[in-house]
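[1] Below is the sequence, then the predicted model.
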Amino acid sequence: MKFYKIVFFAALFLSAAHAFGQSSAELKRRRDKLNEELDQLNHELEANQNNKKMNLKQLNLLKAQISLRTSKIATINSEIGLLNNQIQESNNTVHTLQGQLDQLKKEYAAMVLFAYHNRSSYNQLMFVFASEDFNQAYKRMKYLQQFGSYRERQAESIRGTQNELHNKIDELDKTKKNKNDLLADQEKEKANLGKAKKDEDDVLSELSRQQGQLKQQQRDKQNKISDMNRAINAAIRREVEEARRKAEEEARKREAAEAAKAKAEGRAVEPSTVKRITKTSTTSEILNATPEAAKLSNDFLGNKGRLPWPVTNGGITQGFGMYTSGGIRNDNKGVDIRTNEGASVRAVFNGEVNGVTNIGGTYFVLVKHGEYFTVYSNLRTVAVSKGQKVSTKQILGTVATDSDSGMSIAHFELWKGSDAVNPAAWLTPN
């Protein structure tokens, strides 16, 4: 039984180690990606600092850097948490293996002592010949043979447990070293974060002299956002009304055809079993009135948390919901994603282009996916047109670069009917 317990504990530990390895690898991949983005930001900051005059681009770069460093510290905290769990599990395993090794050695010592007292062939023969009958003598001979084999297995179990114990102690030492390295990296990032925040304060202090100009820029941006929101709401309302009209028309045609068929067959018209679209129908019912639309909506919903990002490289700089910038309160209906200059913006799912609209010199593209809509804005160029079918990851256009901030921000929104929802929960974890 002791041998099987050892196998069980070893299998259990290997399974836990495998699960840890997957989580640790994912966190390390995330930390490496954050390091790449931080390196890119550092290069841009160094290039921008050659300009003696503080500007909005420098402020935005510092804000992005602070956001990335905060994310990296949070990622390191998660990694340290996993390492602490692994250290605890390893300590428990070492303790268990040490206890099993001590018990195996104790049992083996007892067997050696027994074998010593019965080491002569004469004693073994007397043990067999003292049997009451032939059947008992045979069993005693088999016992002596099995005893020798069991003693060999016990010795092998001791060697195996010792090797596993040594390996586990080595692994524990490596885990502790990894934890110490992460703690050092974390302290470094905290120091860098403090410096970035101080730099941000310095830039804000300098920019406060240009407060009027900055507030005007913020107001212009807010007006542009408001214009875009109105255009999106109007486009969705038009789509809902068009879908209602088509559904009502289809229902009338179907009922007229059924009435004509019933009259030709000389029977009464049976009530239609198909649910009609009426004035009280919900937006969801209207947009899912056709089987094709309902299937597309269901497929889109089924990919929640797995949709590709609208850009191949980037990170969120402003999340969904209310926020204040430059003393002006804004409501972000989507997420702002900082990306490379001239980056391609792509569809996150199959659908149909509902509209392409120019707002203040940049474009936004509205794509319909059944009852869901996605919005891709701040586009410098557009590669699609209204009514065009698009597929997942198809390029819709290229992102514009803001002349004031020098940032290339792709704005992405997701609507369910006439309600905006947080798109971050729908995208593949970055």
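    Happy to help now that I have it. Residues are numbered from 1 along each chain as shown.
[2] For the rest of this, base every contact and every neighbour count on C-alpha atoms.
    Noted.
[3] Show me where the stretch 201-350 of the chain has its helices.
    Remark: helices assigned in the stretch 201-350 of the chain by DSSP state H, counting those that start in this stretch are 211-264, 283-287, 291-302.
[4] Out of these, which is the most enclosed?
    Mean neighbours per residue, mean count of other CA atoms under 10 Å, is largest over the helices of the stretch 201-350 of the chain for helix 283-287, with a mean of 21.
[5] check contacts around Asp331.
    Listed by CA atoms under 8 Å, 6 or more residues apart in numbering, the contact set of Asp331 reads 320-323.
[6] rewinding a little: mean pLDDT for the helices of the stretch 201-350 of the chain: which is lowest?
    Among the helices of the stretch 201-350 of the chain, helix 211-264 has the lowest mean pLDDT, at a mean of 76.
[7] What helices and strands are in contact with that helix?
    Helix 211-264 sits against helix 283-287, strand 328-332, strand 351-359, with contacts defined as 3 or more CA pairs under 8 Å, 6 or more residues apart in numbering; DSSP states H and E.
[8] sorry, back to before: what about burial for the contacts of Asp331, which qualify?
    Phe320 (16 or more other CA atoms under 10 Å).
[9] Closest to Ser24 out of the contacts of Asp331?
    Phe320 (28.4 Å; CA to CA).
[10] so which of the helices and strands packed on helix 211-264 comes closest to Thr312?
    Closest to Thr312 of the helices and strands packed on helix 211-264 is strand 351-359 (CA to CA; 19.4 Å).
[11] Compare the helices of the stretch 201-350 of the chain and report which one is nearest to Thr339.
    Comparing the helices of the stretch 201-350 of the chain by CA to CA, helix 211-264 comes nearest, at 18.8 Å.
[12] can you put the helices and strands packed on helix 211-264 in a markdown table and add distance to Arg230?
    Shown next, in a markdown table, are the helices and strands packed on helix 211-264 (distance: least, CA to CA, whole Å):
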| stretch | distance to Arg230 |
| --- | --- |
| helix 283-287 | 18 |
| strand 328-332 | 13 |
| strand 351-359 | 11 |
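[13] quick one: the strands in the protein?
    Secondary structure of the chain (DSSP state E): strands located at 315-318, 321-325, 328-332, 334-338, 344-346, 351-359, 362-369, 372-382, 389-390, 395-399, 409-416, 419-421.
[14] Out of the helices and strands packed on helix 211-264, which gets the lowest mean score?
    Ranked by mean pLDDT, these bottom out at strand 328-332, which scores a mean of 76.
[15] what's the pLDDT at Asp402?
    79.
[16] and it, what does it touch?
    Neighbours of Asp402 in contact, by CA under 8 Å, 6+ apart: 408-409.
[17] and it, how far is that from Arg219?
    Asp402 sits 15 Å away from Arg219, going by CA to CA, to the nearest Å.
[18] ditto for Thr70
    Distance, Thr70 to Arg219, using CA to CA: 28 Å.
[19] Specify the stretch among the helices and strands packed on helix 211-264 that is closest to Glu37.
    strand 328-332 (23.5 Å).
[20] Any stretches of the stretch 301-430 of the chain with poor pLDDT?
    The stretch 301-430 of the chain contains residues with pLDDT under 70 at 325-328, 404-405.
[21] ok, 90 please
    313-332, 338, 340-341, 359-362, 401-408, 418, 429-430 (pLDDT under 90).
[22] re earlier: distance to Asn192 for the helices of the stretch 201-350 of the chain - can I get that in TSV?
    Putting the helices of the stretch 201-350 of the chain into TSV (distance: least, CA to CA, whole Å) gives the following:
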stretch	distance to Asn192
helix 211-264	27
helix 283-287	49
helix 291-302	41
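[23] can you tell which of those is closest to Leu193?
    Of all those, helix 211-264 sits nearest to Leu193, with 24.9 Å by CA to CA.
[24] angle of the closest one against strand 372-382?
    Helix 211-264 runs at 130 degrees relative to strand 372-382, counting by axes from the mean of the first three to the mean of the last three CA atoms, to 10 degrees.
[25] pLDDT score assigned to Lys197?
    79.
[26] What ranges does the stretch 51-200 of the chain have for its helices?
    Using DSSP H, counting those that start in this stretch, the helices of the stretch 51-200 of the chain run over 56-117, 121-129, 134-207.
[27] and these, which one is worst for confidence?
    Among these, helix 121-129 carries the lowest mean pLDDT, a mean of 50.
[28] coming back round to it: of all the helices of the stretch 201-350 of the chain, which one is nearest Gln103?
    The closest of the helices of the stretch 201-350 of the chain to Gln103 is helix 291-302. By CA to CA, the value is 54.0 Å.
[29] which other residues reach the closest one?
    Contacts for helix 291-302 (CA under 8 Å, 6+ apart): 287-288, 349, 369-372.
[30] Dump that helix to PDB, keeping only the CA atoms.
    The C-alpha trace of helix 291-302 is given here as PDB (Å, rounded to 0.1, in the frame of the first residue of the first chain):
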ATOM      1  CA  PRO A 291     -33.500  32.800 -39.300                       C
ATOM      2  CA  GLU A 292     -30.300  34.200 -40.900                       C
ATOM      3  CA  ALA A 293     -30.200  37.100 -38.500                       C
ATOM      4  CA  ALA A 294     -31.000  34.900 -35.500                       C
ATOM      5  CA  LYS A 295     -28.200  32.500 -36.400                       C
ATOM      6  CA  LEU A 296     -25.700  35.300 -36.900                       C
ATOM      7  CA  SER A 297     -26.700  36.800 -33.500                       C
ATOM      8  CA  ASN A 298     -26.300  33.400 -31.800                       C
ATOM      9  CA  ASP A 299     -22.900  32.800 -33.500                       C
ATOM     10  CA  PHE A 300     -21.700  36.200 -32.400                       C
ATOM     11  CA  LEU A 301     -22.800  35.600 -28.800                       C
ATOM     12  CA  GLY A 302     -21.100  32.200 -28.800                       C
END
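[31] Name the nearest of the contacts of Asp331 relative to Gly194.
    Closest to Gly194, out of all of the contacts of Asp331 and judged by CA to CA, is Tyr323, at 22.6 Å.
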